[in-house]
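[1] Quick one, fold the following:
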Amino acid sequence: MDSTKLKPWQAKLMYTTLQPALGYLCRLRERMERRGFPANDKLFKLTVAAYNAIHSLYIELHYMACASGVGRETKR
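    Take a look at the predicted model:
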């Protein structure tokens, strides 16, 4: 199996499952920024990288959950 075989409902289940982690990382990054973590701090950089990776995955899954539009073939 690969990602082209996922049904829209499966992709939606995956991205909704990721949503709490994405929200947590967003809030963590914002707290670190408010606390003045320097941009080159290892923990801050890892937090930003984790947020960016999960956000990219979340967006891709969201688009996969759409039955049509967003420049993709209609899926059922």
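[2] and the residue lying closest to residue 38 once chain neighbours are set aside, how far is that from residue 50?
    For residue 38, ignoring the flanking residues on the chain, the nearest one in space by CB to CB, 6 or more residues apart in numbering is residue 44 at 7.1 Å. In short, each C-beta sits where N, CA and C put it, glycine included. Counting by CB to CB, to the nearest Å, the gap between residue 44 and residue 50 amounts to 11 Å.
[3] Double-check the residue nearest to residue 38 against residue 31; I have them as touching.
    No: in this structure, residue 44 is not within contact of residue 31 by CB atoms under 8 Å, at 10.6 Å.
[4] Looking at these two, which has the bigger crowd around it?
    residue 44 (17 against 11; other CB atoms under 10 Å).
[5] ok, that one - contacts?
    29, 32, 37, 38 (CB atoms under 8 Å, 6 or more residues apart in numbering).
[6] Which of these sits closest to residue 65?
    Distances from residue 65 to the contacts of residue 44, taken as CB to CB, are shortest for residue 29 (25.1 Å).
[7] Please identify the helix or strand for that closest one.
    helix 8-35 (DSSP states H and E).
[8] what helices or strands is that helix leaning on?
    When contacts are defined as 3 or more CB pairs under 8 Å, 6 or more residues apart in numbering; DSSP states H and E, helix 8-35 packs onto helix 42-65.
[9] pLDDT of the helix it packs on, averaged?
    The pLDDT scores in helix 42-65 average 96.
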